[in-house]
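1. Structure for this input, please:
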Amino acid sequence: MSQVRQAAGGGHVVEVPPERLSGWFDRFAERNDGIQATTATPAEVVVTGRNGTAATATVPFPPLDAGLSGGSHSQGTLPPTVRLVVHARRPRRIGLLLVRLGAHSVGIADNGKVIASRTARHLVHGRSAAGGWSQHRFARRRQGQVREALREAAGDVLDVLVPRLAELDAVVLGGDRRALGELRADRRLAVVFSLATPRILDLGEPRRVVLAEAAERARAVEILVRPATTRKSLDSDQ
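-> Numbers count the residues shown, from 1 in each chain. Next comes the predicted model:
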């Protein structure tokens, strides 16, 4: 199933698995009176329907190839949507790093299937509403718990991902942006974050089943769909 969420500014974002991408573009054309224009850059493919609705697909693991030849298109380049489908379906081995203060999960996935992983949970208390010295003591204890949780997460990244970095096409992140930012500041993990894609998966508390979900979602193509009316409204606000 493709995942769908509302987009800031209107429209919606759908995550489409590579195997369903070609059919998705076919259905987009059917729903929007055919295709008026298709453009592509190394980072995105934009398809505009004849009714003005636009679908902007972010290229996973960019850049998108400038052109691929073969088959009936041997005399020229393949259409951008076909190139995107070919690109998205290419087998890849990726690292996964999912972090929240209460847990972390680190793994390696081959074409959407986890082949190595480590997951751990941490005791990190919530913030206290008490005042005075009690609050200060609680805050110090919580800060210590956060440091220990991130230290354990960094250790698992060093054990699971770093020794196999040469095998990886990219690293996909997920979870809490602040916790990920703390790990990014760890110089030992610089080589890991240098392979990280811009996208950060929005996931629940990292567990083995969530890691498996992330491995599949990491391959999906994010497509922002905006009707003509929404696009005109955004243009007028700028």
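2. okay, CA-based contacts and neighbour counts for the rest of this
-> Noted.
3. can you list the domains in the protein?
-> Using automatic domain parsing, the domain parsing of the chain gives 3-90+220-237, 93-217.
4. Which of the helices or strands spans the residue nearest the centre of the chain?
-> In the chain, the centroid-proximal residue (C-alpha atoms, centre = their mean) is Arg199; its distance is 4.0 Å. Element membership of Arg199 [criterion: DSSP states H and E] is strand 196-201.
5. what's across from Ser117 in the sheet?
-> Note on Ser117: beta-bridge partners by DSSP bridges are Gly107.
6. what does Val225 give?
-> His12, Ala55.
7. what about it, how many neighbours?
-> Counted with other C-alpha atoms under 10 Å, the neighbours of Val225 add up to 24.
8. If I look at it, what pLDDT would I see?
-> At Val225 the predicted local confidence, pLDDT, stands at 97.
9. Ala129 too?
-> 46.
10. How about Arg208?
-> Confidence score, pLDDT, at Arg208: 94.
11. didn't it look like it was pressed against Gly107?
-> No - under the criterion of C-alpha atoms under 8 Å, Arg208 is not in contact with Gly107, lying 9.3 Å apart.
12. and Thr39, what is it in contact with?
-> Contact analysis of Thr39 by C-alpha atoms under 8 Å, 6 or more residues apart in numbering lists 45-47, 80.
13. Make a PyMOL selection of whichever of these turn out to be buried.
-> Those of the contacts of Thr39 that count as buried under 16 or more other C-alpha atoms under 10 Å are selected in PyMOL with:
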select buried, resi 45+46+47+80
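14. taking the contacts of Thr39 one by one, which sit in helices?
-> Pro80 (DSSP state H).
15. Just the contacts of Thr39: which are in strands?
-> The strands, defined by DSSP state E, take in 45-47 from these.
16. Just the pLDDT for Gly175.
-> 94.
17. where's Leu173, which helix or strand?
-> Assigned by DSSP H and E, Leu173 belongs to strand 170-175.
18. who does that strand touch, helix- and strand-wise?
-> Secondary-structure packing of strand 170-175 (3 or more C-alpha pairs under 8 Å, 6 or more residues apart in numbering; DSSP states H and E): strand 93-100, strand 196-201.
19. which residues are contacting stretch 167-178?
-> By C-alpha under 8 Å, 6+ apart, stretch 167-178 touches 61, 92-101, 180, 192-193, 195-197, 199-206, 214, 218.
20. measure it end to end?
-> The straight-line separation of the ends of stretch 167-178 (C-alpha to C-alpha, to the nearest Å) is 28 Å.
21. and it, how far from the chain's centre?
-> Offset of stretch 167-178 from its chain centre (C-alpha atoms, centre = their mean, to the nearest Å): 8 Å.
22. can you check stretch 214-223 too?
-> Relative to the centre of its chain, stretch 214-223 is centred 6 Å away, using C-alpha atoms, centre = their mean.
23. Start and end of it, how far apart?
-> 17 Å.
24. related to what we said a few turns ago, between Arg208 and Gly107, which has more neighbouring residues?
-> Applying other C-alpha under 10 Å to Arg208 and Gly107 shows that Gly107 carries more neighbours, namely 26 against 18.
25. Could you pull up the residues touching that one?
-> Gly107 neighbours (C-alpha under 8 Å, 6+ apart): 95-97, 114-118, 160-161, 211.
26. which residue ranges form the strands in the chain?
-> Using DSSP E, strands in the chain cover 3-6, 12-16, 35-40, 44-49, 54-58, 93-100, 103-110, 113-121, 170-175, 196-201, 221-226.
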